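>>> dropping the sequence and predicted coords here.
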Amino acid sequence: MSPVEPDPDDLLSIGEMSRRTGVAVSALRYYESLGLIVSVRTEGNQRRFARHMLRRVSLISVARNLGVSLESVQDVFDTVPLDRTPSHEDWQRASRAWKKQLEERRHRLERLEHELTGCIGCGCLSMKACPVLNPGDALASTGAGARRLEDYSDA
């Protein structure tokens, strides 16, 4: 006997979404407040999520575990419909956008790693007065904080 295929029109409670995705109920409510996911309300005012929201929540969870901001997730998900089960093409379009973002992120991280290794490896141990990365302490005039590292803050 083969397993019964779930009906794609089934609606899942917030507790079931949490159980299936491993994402806390409070996080699901937050994602909904940001417009990353949507629910419908029952007559008793309980949230119900379309089954296709499982994929969205799972992808959000993976992204968060990799340090991707919710803003970046939203940028990618903007092209994926909330009101119907996304098609293969919808997910392909989002995947291409996400791949581009991840490639840019990887390049920024590699550049940061190279610069940090170079700075620590040069022996001066000071990014403030480093003659290699900050000759003459030129960055002091641009403001406080890790000026060179700010380019990597969203990486």
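Cool, got the structure. The structure displayed is predicted, hence computed values, not measured ones. Residues are numbered from 1 along each chain as shown.
>>> what helices or strands is the helix or strand of the chain with the lowest mean pLDDT leaning on?
Counting by mean pLDDT, DSSP states H and E, the weakest-scoring helix or strand in the chain turns out to be helix 88-122, with a mean of 81. Using 3 or more Cβ pairs under 8 Å, 6 or more residues apart in numbering; DSSP states H and E as the contact criterion, the elements in contact with helix 88-122 are helix 70-77. Glycine gets a C-beta too; all of them are placed from N, C-alpha and C.
>>> run the angle between the helix it packs on and helix 88-122 for me.
Comparing the axes of helix 70-77 and helix 88-122 via axes from the mean of the first three to the mean of the last three Cα atoms, to 10 degrees yields an angle of 140 degrees.
>>> can you give me the buried ones in helix 70-77?
Residues of helix 70-77 classed as buried by neighbour count (16 or more other Cβ atoms under 10 Å): 72-73, 76-77.
>>> that helix packs against which elements?
helix 53-65, helix 88-122.
>>> tell me which of these is the most buried.
helix 53-65 (a mean of 17; mean count of other Cβ atoms under 10 Å).
>>> what about it, distance to the chain center?
With Cα atoms, centre = their mean, to the nearest Å as the basis, helix 53-65 stands 9 Å off its chain's centre.
>>> what's the answer for stretch 27-38, then?
Worked out by Cα atoms, centre = their mean, stretch 27-38 lies 13 Å from the chain centre.
>>> what's the mean pLDDT across it?
When pLDDT is averaged over stretch 27-38, the result is 96.
>>> next one: stretch 46-60
So the average pLDDT for stretch 46-60 ends up being 94.
>>> circling back to that earlier point, okay, the helices and strands packed on helix 70-77 in CSV with distance to R19 next?
Listed next are the helices and strands packed on helix 70-77 as CSV, based on distance: least, Cβ to Cβ, whole Å:
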stretch, distance to R19
helix 53-65, 11
helix 88-122, 24
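>>> returning to what we had before: the inter-axis angle of the least confident helix or strand of the chain versus helix 53-65?
Using the same axes, to 10 degrees: helix 88-122 against helix 53-65 is 10 degrees.
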